[in-house]
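**Q** give me a model of this one.
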Amino acid sequence: MDAREKILEAAAELLAAAPVADVSTRAVCEAAGVGAPMLYRLFGDKAGLLSAVVDRGFEQYLASKRAARPSDDPVADLRSGWDNHMRFALDHPNYYRLMYSPELTAPPAAAKEAHDLLHGILERCAAAGRLTVPPALATRVIMSANVGAALSMLTRPEQYPDPQFSARLRDAVIDSLTRPGDSAVRHEDAAVPVAAATLAARLRAEQPEELTPAEAALLQQWLEKLSAK
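**A** Prediction:
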């Protein structure tokens, strides 16, 4: 095992046992049997070390999401993704809280990948005509709600005794952004935004050969404005 892996393993063990989502570089160096100069040479500073620890801790979770096979119902995949996110947070509280700690001056790579994976599902929702807002906006709304709920339940568990709280919030958020797959748009005012979001997603997935890149970009701009109506 090289020095970098020794440091990460020691930090992970200390983090799992810590009463709060934090570890000291001194304790990590002692546990790993390395000097402080080695730690700082490999990770830059404490924030760099903690970011690397978070990425290591989230790897198994993200690997399962990468390997997940899309179902025929992208909205069902959204709900499943919410539940998996919440399950990981509650099973690994210190990794999760550390990911969103203000001490991390740069977001860990795991945070961006989780965001991108969610956005990919929402692109599928839009292409299927199920999304009522642009995918980028829906990604921000769902991620904010999912993360906020997880952190609230971790830091103030006594305020969330209802075992169905997460599912209730999940359904409220997702239902506000999607529509049933077997129903027509119920309100005339919603027809244009839904159609625009659907067409925009399909064009992003496969650009028509008849359009130049500039034309495709302009069309995307128009569709995004219409979908955000």
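**Q** switch to C-alpha atoms for all contacts and neighbour counts from now on
**A** Fine.
**Q** so after the lowest-mean-pLDDT helix or strand in the chain, what's the next helix or strand?
**A** Ranked by mean pLDDT, DSSP states H and E, the weakest helix or strand in the chain is helix 188-205, scoring a mean of 73. The first helix or strand that comes after helix 188-205 along the chain, using DSSP states H and E, is helix 213-227.
**Q** can you check what angle separates that following helix from helix 188-205?
**A** If you take axes from the mean of the first three to the mean of the last three Cα atoms, to 10 degrees, helix 213-227 sits at 150 degrees to helix 188-205.
**Q** the least confident helix or strand of the chain - contacts with which helices or strands?
**A** helix 109-127, helix 213-227 (3 or more Cα pairs under 8 Å, 6 or more residues apart in numbering; DSSP states H and E).
**Q** quick one: the first one to helix 188-205, angle?
**A** Orientation note: helix 109-127 sits at an angle of 120 degrees relative to helix 188-205 (the same axes, to 10 degrees).
**Q** what comes up buried for helix 109-127?
**A** Across helix 109-127, burial judged by 16 or more other Cα atoms under 10 Å covers 110-111, 114, 117-127.
**Q** can you check the last one too?
**A** Neighbour counts over helix 213-227 (16+ other Cα under 10 Å) mark 216, 219-220, 223-224, 226-227 as buried.
**Q** just the C-alpha atoms of that helix, please, in CSV.
**A** Included here for helix 213-227 are C-alpha records, laid out as CSV according to Å, rounded to 0.1, in the frame of the first residue of the first chain:
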residue,chain,number,x,y,z
PRO,A,213,-24.1,23.8,-34.9
ALA,A,214,-25.0,27.5,-34.8
GLU,A,215,-28.6,26.8,-35.8
ALA,A,216,-28.8,24.0,-33.3
ALA,A,217,-27.5,26.2,-30.5
LEU,A,218,-30.0,29.0,-31.4
LEU,A,219,-32.9,26.6,-31.5
GLN,A,220,-31.8,25.2,-28.1
GLN,A,221,-31.8,28.7,-26.7
TRP,A,222,-35.3,29.4,-28.0
LEU,A,223,-36.6,26.1,-26.6
GLU,A,224,-35.1,26.6,-23.2
LYS,A,225,-36.8,30.0,-23.0
LEU,A,226,-40.1,28.4,-23.9
SER,A,227,-39.7,25.5,-21.5
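**Q** mean confidence for that helix?
**A** Across helix 213-227, the average pLDDT comes to 79.
**Q** related to what we said a few turns ago, and the contacts of the least confident helix or strand of the chain?
**A** Helix 188-205 is contacted by residues 123-124, 126-135, 185, 220, 223-224, 226-229 when judged by Cα atoms under 8 Å, 6 or more residues apart in numbering.
**Q** so who does the closest residue to residue 21 other than its chain neighbours touch?
**A** Leaving aside its sequence neighbours, residue 21 sits nearest to residue 94 (Cα to Cα, 6 or more residues apart in numbering; 4.6 Å). By Cα under 8 Å, 6+ apart, residue 94 lies in contact with 15-16, 18, 20-22.
**Q** mark which of the residues you listed are buried, thanks.
**A** With burial judged by 16+ other Cα under 10 Å, the buried subset of the contacts of residue 94 is 15-16, 21-22.
**Q** going by distance to residue 174, which of those wins?
**A** Residue 174 has its nearest neighbour among these in residue 21, at 29.9 Å by Cα to Cα.
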